[in-house]
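**Q** Next come a sequence and a model predicted from it.
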Amino acid sequence: MRRTLLLLAAAACHHDHALVLDDAGSAADASAASDASADGGVRIDPRINDTPTSGSRLQATYDVTPDGYSQFETWYDTMLETDCGFRATDDGATRCTPTSAERVTVAYSDAACTQPYLADTAQSVTTDTPAFLDAVSDPSACPAGIAVYAGGPSIPVPAASYVMAGGTCTGTAPPKRAWASRAPITSTLVGATRSIETLAPTIGVARWSADDGAVGFASWVDLASGDDCTWVLDGTARTMCLPTPVDVSATYSDAGCTSHAAVVPDGACAPPTVGYARVGCTPDGVALDDAYTLAAPQTADAWSDVLGVCTAVGSASLAAATRADPSGFPSAGPLVGPIGMGRLQDRRVVVDGTGYDVGIFDTMRGEACAFTTTATEGIRCLPALQSGYVAFLDASCTQRALVTQPPPASSTCAAEQKSYAYFTSGDGTLQPLGPGVAMSQIYNGNGNYCYLYTIGPAEVFPFTTAAVPLTAFVAATQVTQ
């Protein structure tokens, strides 16, 4: 999925790879993007280069560069004239629901819960006139399906607001915005079924087959467990496909920060069973991870390794993590690539002799990239970005730096030289950054004053060379076929 830049951000460790061409042939037209993970790195994207088939209503949409490189981006619903993605709906089906839909809650204006309306209780809706709305019909369901509604102008927020909680009509704070109740359009959306093709004894690929004839990639599958899985690199730079892994790099269950654990959100539908922890990087800056199995979550004190200091972070639902044997997970050997003829080329995993695209590599800049919607220069293939804020290293407030606080959960790659901060003001630029350092004090100010202030443990990346304009990165246009 293409990213959209909204905030100042910086990249940390990229999953760039030194690769070779396999016997499967040339790069396919539709590859998968690398994207930024929660720990600041670019991880291998679970999508592959299956060329999708458009249906009578759903059409495949691609990001296409001037030299002909193309990557499948999303599905386009020609009847609703909007992008969509396959999700579980409250009628028990899987349907292509609008990706632009704003999340709301079914609320009521009376204490008997008989007068429904649609409420922005999370205060997350970005406009008064959204094109589409969706809501979780039964939060207790696992998984919880959604209902989809046509959007439209908001209405005045009712004086009183109630929601159904555990079968009881309960008063709640008034929402930020409200919309009149309406019949859902869920049943009119294109449905799909999922099938799994075995690629090797331990790995398969799931695909969606839509009611209108559209067919496309859904996920990789660990055939032993039946779980969807995501490709990562282990400590020996060998690929392994982990079932929906969570980062346990900086969370621990003990005051010495020796026993890894995962924080499990309250009410999680299916608690995670697999985790990963950063153990290092390859010479070219690729993150290497150990795999962990997770126990059933229990309430306990959590600790975090914050730049080398074991710090209490409070009580949480913790799943204890135990180091796992990487051979217990499907493997595709090492990554291969870059493969192709133009500036943007593919990276692949090879399963049973066939190569599948799992990322993009910008050969001119020597870095992984992902198609990203920018504020000023359209779609560009940009490196991974991590959020932060700008401060100064010196008492005269002239040496700018990016502050990430709290610091990244996983250590960054010392060999990585291409980290960036992104500025949305003006024409939009990427600011190269130097290696991160731990700091607890930083300067702030403007042309009239500069002052020192204390911050919690943070990783600070100094600005280095001149900013890089967005036009230095490969442009793409969106094409629906």
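**A** Yep, it's here. This one's a predicted model, so the numbers in the text were calculated from it and none came from an experiment.

**Q** Please make it C-alpha for all contacts and neighbour counts, starting now.
**A** Will do.

**Q** residues in contact with residue 93?
**A** For residue 93, the contacting residues are 191, 192, by CA atoms under 8 Å, 6 or more residues apart in numbering.

**Q** If we use 7 Å, what do you get?
**A** If you count contacts by CA atoms under 7 Å, 6 or more residues apart in numbering, residue 93 has them with residue 191.

**Q** Relative to residue 210, how far out is it?
**A** Per CA to CA, to the nearest Å, residue 93 is found 11 Å from residue 210.

**Q** got it, and residue 85?
**A** 11 Å.

**Q** Looking at the two, which is more packed in?
**A** residue 210 (24 against 16; other CA atoms under 10 Å).

**Q** you'd agree that one is up against residue 192?
**A** Yes. Using CA atoms under 7 Å, residue 210 is in contact with residue 192, at 4.0 Å.

**Q** per-domain residue ranges of the protein.
**A** Following automatic domain parsing, one finds the domains of the chain at 1-65+193-481, 90-188.

**Q** hang on, the earlier thing: what residues are shared contacts of residue 93 and residue 210?
**A** residue 191.

**Q** where along the stretch 301-450 of the chain do the strands fall?
**A** Using DSSP state E, counting those that start in this stretch, the strands of the stretch 301-450 of the chain run over 309-323, 336-339, 344-351, 354-362, 367-373, 379-382, 386-387, 389-392, 400-404, 419-423, 429-433, 437-445, 450-462.

**Q** quick one, which of the ones you listed is nearest to residue 263?
**A** Closest to residue 263 of the strands of the stretch 301-450 of the chain is strand 309-323 (CA to CA; 4.8 Å).

**Q** who's in contact with that closest one?
**A** Contacts to strand 309-323, defined as CA under 7 Å, 6+ apart, come from residues 255-257, 260-265, 291-305.

**Q** Buried ones among these?
**A** 257, 260-264, 291-295, 297, 301-305 (16 or more other CA atoms under 10 Å).

**Q** In strands only, show me these.
**A** Counting by DSSP state E, the part of those found in strands is 261, 262, 263, 291, 292, 293, 294, 301, 302, 303, 304, 305.

**Q** one step back: got the strands of the stretch 301-450 of the chain as a markdown table, with distance to residue 130 columns?
**A** Output for the strands of the stretch 301-450 of the chain, formatted as a markdown table (distance: least, CA to CA, whole Å):
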| stretch | distance to residue 130 |
| --- | --- |
| strand 309-323 | 36 |
| strand 336-339 | 41 |
| strand 344-351 | 36 |
| strand 354-362 | 33 |
| strand 367-373 | 20 |
| strand 379-382 | 23 |
| strand 386-387 | 27 |
| strand 389-392 | 30 |
| strand 400-404 | 33 |
| strand 419-423 | 27 |
| strand 429-433 | 30 |
| strand 437-445 | 39 |
| strand 450-462 | 38 |
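
**Q** Between those strands, which one is closest to residue 153.
**A** Among those, the nearest to residue 153 by CA to CA is strand 367-373 (26.6 Å).

**Q** Paired strands for the closest one, with orientation please.
**A** Partners of strand 367-373 in the sheet, by DSSP bridges, are strand 3-4 (parallel), strand 354-362 (antiparallel), strand 379-382 (antiparallel).

**Q** now these in TSV, with mean pLDDT?
**A** TSV is the format used below for the strands paired with strand 367-373 (pLDDT from 0 to 100):
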stretch	mean pLDDT
strand 3-4	51
strand 354-362	80
strand 379-382	90
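
**Q** Tabulate those in a markdown table, adding columns for distance to residue 337.
**A** As requested, the strands paired with strand 367-373 are exported to a markdown table (distance: least, CA to CA, whole Å):
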| stretch | distance to residue 337 |
| --- | --- |
| strand 3-4 | 23 |
| strand 354-362 | 9 |
| strand 379-382 | 18 |
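
**Q** So for residue 150, which of those strands sits nearest?
**A** Nearest of those (CA to CA): strand 3-4, 23.7 Å.

**Q** Just the pLDDT for residue 66.
**A** On the pLDDT scale, residue 66 is placed at 93.

**Q** can you confirm it is in a helix?
**A** No. Using DSSP: H, G, I helix; E, B strand; the rest coil, the assignment for residue 66 is coil, not a helix.

**Q** Return the residues in contact with it.
**A** Residues in contact with residue 66 (CA under 7 Å, 6+ apart) are residue 476.

**Q** same check, this time on residue 176
**A** 120, 121, 123.

**Q** The first one and residue 133: what is the separation?
**A** Residue 120 sits at a distance of 10 Å from residue 133 (criterion: CA to CA).

**Q** So which of the two has more stuff around it?
**A** The residue with more neighbours, out of residue 120 and residue 133, is residue 133; 24 against 21, by other CA under 10 Å.

**Q** Confirm for me that that one is in contact with residue 153.
**A** No. With contact defined as CA under 7 Å, residue 133 does not reach residue 153; the gap is 11.4 Å.

**Q** picking up where we left off before, check the contact lists of residue 120 and residue 133 and give me the overlap.
**A** In contact with both residue 120 and residue 133: residue 104, using CA under 7 Å, 6+ apart.

**Q** show me where pLDDT drops low in this protein?
**A** 1-50, 267-268, 281-287, 306-308, 384-387, 405-419, 422-428, 456-457 (pLDDT under 70).

**Q** ok, for residue 296, nearest residue in space, not its chain neighbours?
**A** Sequence neighbours aside, residue 319 is the residue nearest to residue 296 in space, at 5.6 Å (criterion: CA to CA, 6 or more residues apart in numbering).

**Q** need the contact list for residue 230.
**A** Neighbouring residues of residue 230 by CA under 7 Å, 6+ apart: 46, 220, 241, 242, 243, 244.

**Q** Report how many residues lie close to the last one.
**A** By that I understand residue 244. 14.

**Q** Ok, the third one next?
**A** Residue crowding around residue 241 was assessed by other CA under 10 Å; the count is 27.

**Q** swap in residue 86?
**A** Count around residue 86 with other CA under 10 Å applied: 20.

**Q** a markdown table for the contacts of residue 176, including secondary structure and distance to residue 328?
**A** Shown next, in a markdown table, are the contacts of residue 176 (DSSP: H, G, I helix; E, B strand; the rest coil; distance: CA to CA, whole Å):
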| residue | secondary structure | distance to residue 328 |
| --- | --- | --- |
| 120 | coil | 45 |
| 121 | coil | 44 |
| 123 | coil | 44 |
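
**Q** Closest to residue 111 out of the residues you listed?
**A** Of all the contacts of residue 176, the one with the least separation from residue 111 (CA to CA) is residue 121, at 17.0 Å.

**Q** In three-state terms, label the residue lying closest to the closest one once chain neighbours are set aside for me.
**A** Spatial nearest neighbour of residue 121, excluding adjacent residues (CA to CA, 6+ apart): residue 175 at 4.4 Å. At residue 175 the chain is in coil, as set by three-state DSSP.
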